[in-house]
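**Q** Build me a model:
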Amino acid sequence: MSFGNLSIASGYEEKFYATAETTFGTMVKPSGTDAIRIKKSVFTPSQERVNRADKRGSRSVQERITRKKKVEWSATAYLCPSGTAGTEPDDGALLEAVFGSKTESAGVSWTYSLALDIDKSFSLHRICGEYAESITGAVVNQVIFRVRGEEEAEIEYSGFASDFIFTSRGALAASAASGATSLTVTSDTLDNIEVNSVIKIGDDTNSGAGFKVSAINGTTVTIEDGLTVDADSGAVILPYFPDTTTAGSPLGCFPGTISIDGTNVYLTTLEITLSNNITMRNDEFGSSTARGYTSSDFRSVTISGTAYACQGYGLYRGKSRDFEDVDIQITLGDTAGSQVEINLDHVEFNIIPLEIPESNECTLTFEGQALASSSGEDEINVIYK
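**A** Below you'll find the model as predicted:
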């Protein structure tokens, strides 16, 4: 859908899906239940082209060389429990991927905890109007929880991927009968679809699942499943993903609490960042994309927040001076099925500065790092309940 005479897609049309992969980098078609309602997504694919640098008797660049594919991505959404106690949120698979572990308490809650190993990858998909993109071998490197005094709570995921697929408008150059898996397309269609593109042909959506392109040879395109109806020559080919199935309502700036060592404090902003410090394996010879990734470095769990310099908050400056760790708990919501609890049992603040402006209120900046107990892998956990 679009407005105006230029048929330009609008951002509100975007649909986003996170589909777990069985094998790293092997694209999996999305289903409606893989959908996540998001505020914004960014896919940044790249493939470096370098100038040929050997001597050629000329100062002109005449040839370039192709290097490996790389992708960075991010997606921002409301912090949005399912609305039903014991039902995992729409983005639960991404939470499990970045934390490493999840535990279900049937009918009550889902707890996302840190694990030594990080081993899940995704095919991420987004579609807006007649443009679609998929990235494969996508890993979740980082998650940020944002709590603010006047706005809804947010969650932002980001990471890397190994490959990308672009899909846009094309057309059949010849008719095809119901059941056909081999399609003849127009030559310009080849610029708009790739192997692993998910499409519809005319009004045929493969019963809502879309057709996955499995091979392209010249102007012959092979799809995994046969057409469900006859298709005429000239039938339009468009990217297609299933209708979305999502649940839950965003958590606002109240009700909720932030407590330090069991005492409620009132911050205007707070960010909690979990970063796995993942590195894609782009340095192996023989592949155009990363074959995998490593998370051999230490993870990082940090906080950053601001509060007015209220009476009684000075003790936290003393704790920061003495490098004394504190227990921080953030709760959002108060209704079963629409609550989130974030626990950081051992946070060491950086020395807390006092900001004294020319006018207005003085503020304190709370920044620091969450530490683990002696058993490890417990700097943070998040409970949806």
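
**Q** name the helices or strands packed onto the lengthiest strand in the chain?
**A** Counting residues, the longest strand found in the chain (DSSP state E) is strand 131-148. Secondary-structure packing of strand 131-148 (3 or more CB pairs under 8 Å, 6 or more residues apart in numbering; DSSP states H and E): strand 40-51, strand 64-78, helix 92-99, strand 122-128, strand 154-161, strand 163-167, strand 267-275, strand 326-332. From N, CA and C alone the C-beta is placed, and that goes for glycine too.

**Q** export that strand as CSV, just CAs?
**A** Provided in CSV are the C-alpha atoms of strand 131-148 (Å, rounded to 0.1, in the frame of the first residue of the first chain):
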residue,chain,number,x,y,z
TYR,A,131,10.8,-4.3,-1.0
ALA,A,132,12.0,-7.2,1.2
GLU,A,133,15.3,-8.1,2.7
SER,A,134,16.5,-11.2,4.5
ILE,A,135,19.8,-11.7,6.3
THR,A,136,21.1,-15.1,7.2
GLY,A,137,23.5,-16.3,9.9
ALA,A,138,22.3,-13.4,12.1
VAL,A,139,23.6,-13.5,15.6
VAL,A,140,22.4,-11.3,18.5
ASN,A,141,25.5,-9.6,19.9
GLN,A,142,23.8,-7.0,22.2
VAL,A,143,20.6,-6.1,23.9
ILE,A,144,19.8,-2.7,25.5
PHE,A,145,16.9,-2.2,27.9
ARG,A,146,15.7,1.4,28.2
VAL,A,147,13.6,2.8,31.0
ARG,A,148,12.6,6.5,31.0
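
**Q** Now for residue 265: which residues touch it?
**A** Counting by CB atoms under 8 Å, 6 or more residues apart in numbering, residue 265 makes contact with 258-259, 307, 313, 316.

**Q** Any idea what it is bridged to?
**A** Note on residue 265: beta-bridge partners by DSSP bridges are residue 258.

**Q** Show me which of the contacts of residue 265 are buried.
**A** By neighbour count, with 16 or more other CB atoms under 10 Å, the contacts of residue 265 hold 258, 307, 313, 316 as buried.

**Q** if you look at the residues you listed, which of them are in strands?
**A** 258, 307.

**Q** right, and out of the buried ones among the contacts of residue 265, which lies closest to residue 249?
**A** residue 258 (21.2 Å; CB to CB).

**Q** and that closest one, what is it in contact with?
**A** Contacts of residue 258 (CB under 8 Å, 6+ apart): 147, 264-267, 270, 305, 328-330.

**Q** Which of the buried ones among the contacts of residue 265 sits closest to residue 139?
**A** residue 258 (30.3 Å).

**Q** buried subset of the contacts of residue 258?
**A** Of the contacts of residue 258, these count as buried by 16+ other CB under 10 Å: 147, 265, 267, 270, 305, 328-330.

**Q** Show me this structure divided up by domain.
**A** What automatic domain parsing lists as the domains of the chain is 173-234, 268-274+282-384.

**Q** what's the closest of these to residue 103?
**A** domain 268-274+282-384 (9.3 Å).

**Q** That closest one: end-to-end distance?
**A** One end of domain 268-274+282-384 to the other measures 23 Å (CA to CA, to the nearest Å).

**Q** Stretch 331-345 too?
**A** 14 Å.

**Q** Stretch 330-349 too?
**A** 16 Å.

**Q** buried sites along it?
**A** Buried residues in stretch 330-349 (16+ other CB under 10 Å): 330-333, 337-347, 349.

**Q** Since that was my last question, I'll sign off now.
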